[in-house]
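> just a sequence and a predicted model for now, questions to come.
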Amino acid sequence: MMTRFLTLLAACVALTLPVAAHAGPLRIEITEGVIEPLPFAVPNFVPESSAAAKTAADIARVVAEDLSGTGLFREIPSGAFISQITSFSSPVQFADWKAINAQALITGAVSVQAGGRLVIKFRVYDVFAGQELGTGLQFAGTQEGWRRMAHKVADAVYSRITGEGGYFDSRVVFVSETGPKDKRRKRLAIMDYDGANVQFLTDSSSIVLAPRFSPTGDRILYTSYETGFPKIYVLDVASVGRRVLESQAGTMSFAPRFGPDGRTVVYSLTEGGNTDIYRMDITTGQSQRLTSAPSIETAPSFNPDGNRVVFESDRSGTQQLYVMSATGGEPQRISFGQGRYGTPVWSPRGDLIAFTKQNKGRFHIGVMRADGSEERLLTASFLDEGPTWSPNGRVIMFTRETQGAGGQSSLYSVDISGRNLKRVRTEGGASDPAWSPLQN
Amino acid sequence: MNTGQYISGAGHIGLIGWLLLGGAFAPAPEPFEVTEVSVISTEEFETMLAAERPPETATDVSVPPAPEVPQDQPAPPAPQAEPDRPQPEAAEAPPPPDPRPDVSQLAPPPAEVTDQPPVLAPPPPETAVLAPAVSDRPRPRPAPRVAPQPVAAPEPDVKVDEVKREEAVTEAPAETPREEQQATAPEEATTEIVTEATEEPAAPATSIRPKTRPARSEPAAEAKPETKTTAKPKPDADTTTRRDAVKDALAEALAGAASEPAAAPSGPPLTSGEKDALRVAVQNCWNVGSLSSDALRTTVVVAVSLSEDGHPVGGSVRMVSASGGTTEATRQAFEAARRAIIRCGASGFSLPKDKYTQWRDIEMTFNPEKMRIK
């Protein structure tokens, strides 16, 4: 009986299988992977002239530090290399790089041409695929600009591997702080994104706050107490020339920010004890009031399209985030979590809004979608505030202040996933960072 | 008519009289405070406002300028001597401002049950020490690698690899010589990204009180009869034979059905366990950490042909289809998938050789939906 049943069953299966057998290749679905830094190798760039020997090694170092600094990549130390790159044009021995698990290989050459022009050329390889990622690229510039050229190489490599723009060839304007907490001297300073090439834009004779880059990175808005009252100034980065932007007598203006068109500015103005948000066309000087509530509205920030503005307001009784049209109108509250929210900044990608949150005695830097959903807190400390976005919307820089009378402000950066939290190298105290767009 | 006039007249006289004499019956006015006020100038008002500004403001602007000391001019005539009046202290000179910036370089460079009741022992002396509010002991950050399965940190001397291998050392000559190999273990990993905000605080939330000393066990009065446990009945031989018969019959049917077309997969299909093993092998190498947001929204189907020893055939990895992303994102997603297949296939996928025709050609769907936010 049993044998008959088995035979019958086998026959049934046999009848149905031909179809399955013809179903084609084996199919599997992979839905879970790993998240870890991608190992890469950057052998020293090949100096094609004796004058370029040191620069070639320096450029390779900057490229490696840029990529490692993102937390997305991990450099394989040169001591592990099996083969060396001695010629830019010679074929790559992929097996040697596979053996040390280098998934990406960056090779390059540097030469100094007649007239002192520095030329950098490079290639990026997918080692395990045994092929080049994109095609070779070359940059030329002055020898003094080698560091910036190295950042450009790193941006190109980052873009080819991740598929999104880089942020290495960018600058950060911030408030440099010196002296004890009760007698702090502040001045505007500008530096490369990684803390190199610091230069001061103002002296420390008056308090300066909240510098903000224009969309082209050539101008900076900031607030100064030079006249005794907070006033907004616009400063030309190249010439350090500046002028007052808002000078209504008996008012205080602050928290300015450029719109994406570079000519519209949103800011807060306090008049008669009430603080509201205004916008101004800086070419004509025409200003328009966007809010008119008896509460405090401040810290406005445009979305990348320039048609909406996110800001903070205590109109509900606690400090929360609101979004309204860039021409004014009824604002919509987007933050509903516990605690107080402030200093919202729209991502250059437009999908997220970074903010500062104060809850249960701790400060956080967080991100949420533009409709207020998917709030995620990335940091937690005694005092974190003032987020600014990297040009590609992948990293957030902010101010962290340590506790106590000897507390000092420093700049920190964190990936929007909450990984790779690290301090940005600055000499002395630093606060209020603002990230520039990528330089041309 | 006259009556009306009389009434009107009397009313008016009464009203005029009240107005004239009413004040005499009015209560005394309430006392009120008188405060002296003074008129101040605009400059004085601005000075007062300046004092209410944030302390940072006061730091720099409240320092008075240093008095100018004339040098070349002749000393003014000494005033009449007033020996009792103290000399005013010289005002402190303000700190010199930092030098003006150098503008020349500013151009932009190109996470026992027992039947005996418990005997309460006398509480031991209080030895608990409350944990400090904040522990200074550093806590290691969670592993940076995020993987489907958590992995403990490997021993310090162990080489990191995808596969765990025991160390093999040829100490004494053996009949079958073993190739020496270094011990390997997978890299430490956690299952999700733990941000600073979601990390557990270093300090314990509550202090652990010392446990009471366990009650001294009393001597057992009688040994309890052993309770026999009924072992699970093992499957009898007949059942095993039947299962084998079914398996064989199914395998035969599968083989027979598939042998007809030459190019089609033949032999028994891979079991779910074998498929899982292949999936795990590939996913351990599928690194999505460096993918863009767009690429993390792109699903790609990648085809690969394997040789009989389980290695990917060179150049056989190709994209079959993609969905959800831009061209650039699709390229990034495919490259990550290709790296996963080639990297983990470098040592050969562990697949049953007798089912080679089943896994010779594989289509893998890489769906990063679960990997977007970890």
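The structure has been received and is ready for your questions.
> do stretch A:216-233 and chain B come into contact?
Yes. Stretch A:216-233 lies within reach of chain B by C-beta under 8 Å from any C-beta of the partner chain, at A:217, A:225, A:228. Heads up, the C-betas are built off the backbone N, CA and C, glycines and all.
> distance between that stretch and the chain's centre?
Between the centre of stretch A:216-233 and the centre of its host chain there is 23 Å, according to C-alpha atoms, centre = their mean, to the nearest Å.
> and residue A:307, how many neighbours?
Under the neighbour criterion other C-beta atoms under 10 Å in any protein chain shown, residue A:307 is assigned a count of 12.
> can you check residue A:343 too?
Residue A:343 has 24 neighbouring residues, counting by other C-beta under 10 Å.
> in which helix or strand does the residue nearest to it when sequence neighbours are not counted reside?
In this structure, residue A:343 finds its nearest non-sequential neighbour in residue A:356, 4.6 Å apart by C-beta to C-beta, 6 or more residues apart in numbering or on different chains. Element membership of residue A:356 [criterion: DSSP states H and E] is strand A:352-359.
> mind listing residues that contact that strand?
By C-beta atoms under 8 Å, 6 or more residues apart in numbering or on different chains, the residues outside strand A:352-359 that reach it are A:301, A:310, A:321, A:334-335, A:337-347, A:363-370, A:377, A:384-389, A:393, A:396, A:398, A:416.
> for stretch B:190-197, same thing?
Residues contacting stretch B:190-197 (C-beta under 8 Å, 6+ apart): A:35, A:364, A:366, A:376-381, A:414, A:417-419, A:421, B:111, B:142-143, B:145-150, B:373-374.
> buried residues in it?
B:190, B:191, B:193, B:194, B:195, B:196, B:197 (16 or more other C-beta atoms under 10 Å in any protein chain shown).
> any low-confidence regions in the stretch 101-250 of chain B?
For the stretch 101-250 of chain B, applying pLDDT under 70 flags the ranges B:101-144, B:154, B:156-186, B:200-250.
> quick one: secondary structure of the residue in it that chain A sits nearest to?
Closest approach between the stretch 101-250 of chain B and chain A, counting by C-beta to the nearest C-beta: residue B:195, at 2.9 Å. Secondary structure for residue B:195, judged by DSSP: H, G, I helix; E, B strand; the rest coil, is coil.
> tell me how far it lies from residue A:416.
Distance of residue B:195 to residue A:416, computed by C-beta to C-beta, to the nearest Å: 10 Å.
> give the residues shared as contacts by the two.
residue A:378.
> ranges for the strands of the stretch 251-374 of chain B?
B:299-305, B:318-323, B:361-366 (DSSP state E, counting those that start in this stretch).
> quick one: which of the ones you listed is nearest residue B:5?
For residue B:5, the closest of the strands of the stretch 251-374 of chain B is strand B:318-323, at 105.3 Å, according to C-beta to C-beta.
> can you name the residue of the stretch 301-440 of chain A nearest to chain B?
At 2.9 Å from chain B, residue A:418 is the closest residue in the stretch 301-440 of chain A, using C-beta to the nearest C-beta.
> surely that residue meets residue A:367?
No. Contact between residue A:418 and residue A:367 fails when scored by C-beta atoms under 8 Å: they sit 9.2 Å apart.
> what is in contact with these two at once?
Shared contacts of residue A:418 and residue A:367, counting by C-beta under 8 Å, 6+ apart, come down to A:376, A:378.
> where are the low-confidence patches of the stretch 251-374 of chain B?
For the stretch 251-374 of chain B, the stretches flagged by pLDDT under 70 are B:251-266, B:373-374.
> please parse chain A into its domains.
Taking automatic domain parsing as the reference, chain A has its domains at A:38-162, A:172-435.
> so can I have TSV of those showing mean pLDDT?
Formatted as TSV, the domains of chain A follow (pLDDT from 0 to 100):
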stretch	mean pLDDT
domain A:38-162	93
domain A:172-435	93
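> nearest approach to residue B:271 belongs to which of those domains?
Closest to residue B:271 of the domains of chain A, according to C-beta to C-beta: domain A:38-162, at 29.2 Å.
> ok, back up a step: which one of the residues of stretch A:216-233 next to chain B is nearest residue B:353?
residue A:217 (61.2 Å).
> with adjacent residues omitted, what lies nearest to residue B:305?
Nearest residue to residue B:305, sequence neighbours excluded (C-beta to C-beta, 6+ apart): residue B:316, at 3.9 Å.
> mind listing what the one you found touches?
Applying C-beta under 8 Å, 6+ apart to residue B:316 gives the contacts B:303, B:304, B:305.
> one step back: just give me the neighbour total for the residue nearest to residue A:343.
Around residue A:356 there are 25 residues (other C-beta under 10 Å).
> okay, now residue A:47: neighbour count?
Counted with other C-beta under 10 Å, residue A:47 comes out at 18.
> all set now, cheers.
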